[in-house]
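Asks: Mind looking at a prediction? Sequence and model below.
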Amino acid sequence: MKKFDLKKVWGVIWPYLVFAAAATIMIFSQLKAGVVTVGGDTFFHFSRFYDAAMQIENHNFSPFQTNYGFQQSGRVINALYGPGFAYLNGLILLMVKTWFNYQIFTNYLICLLGAGTMMYLLEYVKINKPIAVLLSVIYINIGMIPAYINSNTFNGWGQAWMPLVLLCGVRMISDKKKTINWIQLMVIMSVIIQIHILSTLMAVVLLIPFFIICLYINKNDRKIWLNLFKAILGTICLTADVWGAYITIYLSNKLATPDAYDLRLGGIQLGSYNGYMGMFGTIAGRMLPLFLCLIILQAIFVVINFKQNLVNTTVTLYGIFILAIASIYFPWGAVQRFFPFTESLFQFPYRLIVIAYPLLILGMGLTIQLNFISVKWKNYVSIAFVGLALLESLSSSIRTTHYFSRYQTVGTEVQRASKMEDLSKIFETKVYGSQSDYLSVSKDYVPSKMNSLYRKNVIEKYENYRHFVNRNYLRLEWDAKHRKKIILPLVMYAQSDLIMNGNHFNGKRNQIGCPVVWQNEGANVALLSFKAPIYSYVLLWIAIASWIVLLVSWLYKFGLKFLN
């Protein structure tokens with residue numbers, strides 16, 4: 001039997017203790033104030049996860065129609081927006097009992113995940129562990145991870161996972177024996193698809209130059225294409241539920257797009273809203289000055305030592321290229337004139353830092369490891385620079401969290417409800433997210449009016465009806481004094497089936513898909529269900545079976561390794 005190596009165990013544990021301590025410092029103001037932080041997307045995601053949690057708790061699974069969240073309106077959300085991750089968050093929510101506990105738990109989780117994946121990437125390229133830990137702590141204090149902590153921006157989860165995507169890219173140009181580990185690539189891409197589709201597109205963009213260089217170095221070796229094909233095929237199987245939902249919904253419905261924003265205002269820029277160490281830190285595309293100085297020094301070093309290390313040169317130049325595109329100095333005005341859809345589908349160019357920051361952090365680590373570690377005074381200088389950047393980013397995160405925890409204008413009712421174990425209470429405060437994403441809209445719909453129409457026709461009418469959830473449908477009951485035409489606070493799709501007072505509804509729907517019906521005097525009942533095609537359920541079970549096979553095979557290999 002092998003002797004227990006305490007030193008080796010400590011070597012694994014201590015970095016995560018540092019990460020947990022850093023996360024605690026980042027969110028200390030929130031812990032002290034005992035509040036939930038709320039941004040523009042908070043209640044949108046809360047509704048998604050509440051619906052998933054109630055499905056799990058009541059053993060009443062509805063992969064398409066939301067019967068519990070979004071004012072019990074029957075919207076299709078989770079099927080199109082990270083279904084696997086939605087159910088995982090629903091499970092976490094049930095375990096931790098309250099919304100406040102959920103937010104604290106996921107804040108720690110995203111910090112540990114982001115720092116852990118970055119450290120894993122840095123150690124893969126043989127970077128000294130203390131330097132890797134310092135750079136990993138910087139990584140979780142810049143970009144979209146702080147934005148998630150303070151305003152639930154979901155790109156933060158993409159940033160937390162992106163170092164593993166980059167690891168696959170680095171492997172393509174540095175591992176001569178196995179340029180593409182197809183199982184590794186398959187799992188990493190499948191997970192990010194189950195989390196956030198936009199982050200998936202960014203992951204693909206991140207990998208493209210590495211794959212091109214890989215083909216060039218290996219003279220277009222057929223094995224590379226074979227492994228890529230296996231990774232793609234495996235990913236399709238593991239995410240078959242996502243593609244099934246997209247095919248089902250998009251082939252027969254016109255869906256509302258997310259809110260449109262002026263891309264010219266959404267680029268990354270130096271500083272912050274309130275000076276050097278401003279209130280909002282790196283949220284909304286602000287870059288801290290000292291971190292920018294490190295990027296400039298890194299760029300100068302790579303240009304001077306262009307041929308020293310292929311990985312360092314590639315990640316640095318590509319990271320700077322992406323950062324330039326993400327900045328306010330890129331001609332985003334021309335982009336949105338020629339491609340208007342980018343205003344709603346992309347919204348904020350600074351989101352590209354999800355790609356740029358992992359590349360640049362890796363480049364900095366490689367430069368330090370290759371040129372400064374071996375000489376004592378250079379090592380001290382590099383640690384000093386990294387340490388100052390860490391203090392700058394951590395101070396910024398502290399100030400940002402302090403602002404959102406102390407000054408955010410969220411009513412006391414929301415804060416009180418966030419501590420209750422009845423998870424539905426927070427939605428009774430009427431502080432709803434009124435985003436119209438994924439509504440089934442008419443051909444002549446006006447995008448700018450969708451949010452107000454949803455609030456008027458669904459949110460404001462929700463309390464006038466009694467809602468019940470049965471096994472396969474949503475039931476609405478109400479009493480009326482007069483027979484008249486009304487708009488039900490329900491959202492219908494081409495696959496939706498509505499039975500109104502015993503009769504199938506085939507009538508008119510308004511711009512956002514709400515049915516216009518005749519109510520009777522006295523008691524009224526409406527039953528809403530979603531008739532998904534058989535192939536969508538087949539694809540759902542393919543995804544579930546694929547994950548089970550993957551998990552069982554991993555446990556089998558782990559068991560053999562443990563026994564041996």
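Replies: Everything's here; your move.

Asks: make it CA atoms for all contacts and neighbour counts henceforth
Replies: Fine.

Asks: tell me the contacts of the spatially closest residue to Leu498 that is not a sequence neighbour?
Replies: Closest residue to Leu498 apart from its sequence neighbours, by Cα to Cα, 6 or more residues apart in numbering: Leu528 at 4.6 Å. Leu528 makes contact with 74, 473-475, 496-499, according to Cα atoms under 8 Å, 6 or more residues apart in numbering.

Asks: let's go with 6 Å and repeat that
Replies: 473-474, 497-498 (Cα atoms under 6 Å, 6 or more residues apart in numbering).

Asks: can you list the residues you listed in a markdown table and add pLDDT?
Replies: Putting those into a markdown table (pLDDT from 0 to 100) gives the following:
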| residue | pLDDT |
| --- | --- |
| Tyr473 | 90 |
| Leu474 | 95 |
| Asp497 | 95 |
| Leu498 | 96 |
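
Asks: Just the closest of those residues to His504, please.
Replies: Leu498 (6.0 Å; Cα to Cα).

Asks: Show the contacting residues for that closest one.
Replies: Taking Cα under 6 Å, 6+ apart, we find Leu498 in contact with 504-505, 527-528.

Asks: did I read that right, it in a helix?
Replies: No. Leu498 sits outside any helix when classified using DSSP: H, G, I helix; E, B strand; the rest coil, being strand.

Asks: ok, now how distant is it from Glu428?
Replies: Computed as Cα to Cα, to the nearest Å, the Leu498 to Glu428 distance reads 26 Å.

Asks: Check the burial of the residue nearest to Trp547 when sequence neighbours are not counted by counting its neighbours.
Replies: Excluding its sequence neighbours, the residue lying closest to Trp547 (Cα to Cα, 6+ apart) is Leu238, at 6.2 Å. Using other Cα atoms under 10 Å, the number of residues around Leu238 comes to 28.

Asks: Quick check: phi and psi at Leu238.
Replies: Main-chain torsions, Leu238, degrees, to the nearest 10: phi -70, psi -20.

Asks: Tyr261 now?
Replies: With angles defined as degrees, to the nearest 10, Tyr261 sits at phi -130, psi 150.

Asks: list the contacts for it?
Replies: Going by Cα under 6 Å, 6+ apart, Tyr261 touches 343, 347.

Asks: what's the span of stretch 369-381 from first residue to last?
Replies: 13 Å.

Asks: can you pull the contacts of Met500?
Replies: Residues in contact with Met500 (Cα under 6 Å, 6+ apart) are Ala526.

Asks: and with 8 Å instead?
Replies: Neighbouring residues of Met500 by Cα under 8 Å, 6+ apart: 517, 524-527.

Asks: Which of the contacts of Leu498 fall within strands?
Replies: Judged by DSSP state E, strands contain the following of these: 504, 527-528.

Asks: Where does pLDDT dip in the stretch 301-450 of the chain?
Replies: For the stretch 301-450 of the chain, the stretches with pLDDT under 70 are 373-379, 407-410, 429-433.

Asks: Kindly report the same for the stretch 1-150 of the chain.
Replies: The stretch 1-150 of the chain contains residues with pLDDT under 70 at 1-4.

Asks: which stretches of it form helices?
Replies: 6-26, 28-33, 42-58, 83-96, 99-124, 129-139, 144-151 (DSSP state H, counting those that start in this stretch).

Asks: from these, which stretch is densest packed?
Replies: Among these, helix 144-151 has the highest mean neighbour count (mean count of other Cα atoms under 10 Å), at a mean of 27.

Asks: continuing past that one, what's the next helix or strand?
Replies: helix 155-174 (DSSP states H and E).

Asks: Quick one: mean pLDDT for that next one?
Replies: Average pLDDT, helix 155-174: 96.

Asks: can you give me the angle that helix makes with helix 129-139?
Replies: Orientation note: helix 155-174 sits at an angle of 140 degrees relative to helix 129-139 (axes from the mean of the first three to the mean of the last three Cα atoms, to 10 degrees).

Asks: Out of the contacts of Leu498, which is nearest to Asn451?
Replies: Leu528 (22.3 Å).

Asks: Compare the helices of the stretch 1-150 of the chain and give me the one nearest Leu288.
Replies: Comparing these by Cα to Cα, helix 129-139 comes nearest, at 11.4 Å.

Asks: quick one, helices of the stretch 401-550 of the chain?
Replies: 412-417, 450-454, 534-563.

Asks: which of these sits most buried?
Replies: When those are scored by mean count of other Cα under 10 Å, the highest mean neighbour count falls to helix 450-454 (a mean of 19).

Asks: So which residues make contact with that one?
Replies: Residues contacting helix 450-454 (Cα under 8 Å, 6+ apart): 256, 434-436, 512.

Asks: ok, now with 7 Å
Replies: Here helix 450-454 makes contact (Cα atoms under 7 Å, 6 or more residues apart in numbering) with 434-436, 512.

Asks: and the helix or strand where Ile325 lies, C-alpha only, in PDB?
Replies: Using DSSP H and E, Ile325 maps to helix 310-326. Output in PDB follows, covering the C-alpha atoms of helix 310-326 (Å, rounded to 0.1, in the frame of the first residue of the first chain):
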ATOM      1  CA  LEU A 310       5.100  29.400 -30.100                       C
ATOM      2  CA  VAL A 311       2.400  29.100 -27.400                       C
ATOM      3  CA  ASN A 312       3.300  32.400 -25.800                       C
ATOM      4  CA  THR A 313       3.500  34.300 -29.100                       C
ATOM      5  CA  THR A 314       0.200  32.800 -30.200                       C
ATOM      6  CA  VAL A 315      -1.800  33.500 -27.100                       C
ATOM      7  CA  THR A 316      -0.400  37.000 -26.600                       C
ATOM      8  CA  LEU A 317      -1.000  38.200 -30.200                       C
ATOM      9  CA  TYR A 318      -4.400  36.600 -30.400                       C
ATOM     10  CA  GLY A 319      -5.400  37.900 -27.000                       C
ATOM     11  CA  ILE A 320      -4.400  41.500 -28.000                       C
ATOM     12  CA  PHE A 321      -6.200  41.100 -31.300                       C
ATOM     13  CA  ILE A 322      -9.500  40.100 -29.600                       C
ATOM     14  CA  LEU A 323      -9.000  42.800 -27.000                       C
ATOM     15  CA  ALA A 324      -8.700  45.400 -29.800                       C
ATOM     16  CA  ILE A 325     -11.900  44.200 -31.300                       C
ATOM     17  CA  ALA A 326     -13.700  44.300 -27.900                       C
END
